[in-house]
Each structure stands twice: as C-alpha cells, then as structure tokens.
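[1] Below are the sequence and a predicted model; questions follow.
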Amino acid sequence: MKIRKEKNPIVLKNTDLETTTDFSNIVQLIQEARNRAFSKVNEELVQLYYHVGSIVSAKVATGVWGDGTVNELANFIDLRIPGIGGFNRRGLYRMKQFYETYAVGSDCYSAWLNIQVKKKQNSIVSPAATQLKRSKLKKIEIVS
C-alpha cells in the first residue's frame, strides 16, 4: 500500500489585501475557464453520443446490423481505442436509445416544439414606440 504525503499548506508572505484580491481574481478566472472547458467537452460528448446513436439506430432499424454486429462494433472500438469507456454493447445501445428519444420527429422533440410555440405565444412584446430609438441625426432606428 502506497502512502501519500500530505502537501504542506502554502502560506503567503508579505501579501497585502490588494495582492490577495488580485490572486483571488486570477483563481476565479482559472475556475471559470475550467468550467467553460468542461461544458464544451460535455457538449461535444453529447453530440458524439447522438451521432453514434443515429448510426446504430439506422443500421439496426433497417436490419443491416443485429445484436452481434453491435457487439463486434464494441470490440472494434475497444481494439482501436483501448481504455475508452462507454462504448461497450450496453453503452452503444444507450446511445441508440438517446438518439431515438430526442431525434427530430420523436415524441420528445414534438413536445419541445409545442413548448417553444407556447412560449412565443405567451411572450410579452413592448409596443413598437418603445423599441424605437432616436439617433443624433434625428433618424429613427429599430433597436433589437
């Protein structure tokens, strides 16, 4: 069993309040950038799962692929990209299910469209007069 050494706490010497604030701001910038990066990675993964699911769904639906072919795909991915997780047989079928749940024309997609239409119908728009703005040249411009 490997024993991990605890890091000694870092003590800042001779730092005034302004410097500490600057340090905190930099740490906050790092954390925000890191969160945006995680978000982008998650977005890419969702798109990947959706796309892989669409391929598997189409092949299975047309009878080109069966359960054995999906297993072969999982093994093929494991051979080509060792150690990658989530692309086993079960994961591939979950991607297929994800695609079928959210694809254009699915019940979920139709429900989402209905919600969007209702949002537009219920949105409050201010009168045109409040959307107009006078410029310095006394021309009226539409502000969106």
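    Happy to help now that I have it.
[2] Ramachandran coordinates for residue 57?
    The phi and psi values for residue 57, taken as degrees, to the nearest 10, are phi -60, psi -50.
[3] what about it, neighbour count?
    19 (other CB atoms under 10 Å). Yep, even glycine has a C-beta here, placed from its N, CA and C like the rest.
[4] Could I get the contacting residues of it?
    Taking CB atoms under 8 Å, 6 or more residues apart in numbering, we find residue 57 in contact with 96, 99-100, 103.
[5] Any regions of the protein where pLDDT drops low?
    1-9, 123-144 (pLDDT under 70).
[6] again, only this time at 80
    For the chain, the stretches with pLDDT under 80 are 1-15, 119-144.
[7] Next, find the distance separating the most centrally placed residue in it from residue 31.
    Centroid-nearest residue in the chain: residue 43, 2.5 Å away (criterion: CA atoms, centre = their mean). As judged by CB to CB, to the nearest Å, residue 43 and residue 31 stand 19 Å apart.
[8] Determine the three-state secondary structure at residue 65.
    coil (DSSP: H, G, I helix; E, B strand; the rest coil).
[9] now it, nearest residue through space, not along the chain?
    Distances taken as CB to CB, 6 or more residues apart in numbering place residue 59 nearest to residue 65, at 3.8 Å, with adjacent residues excluded.
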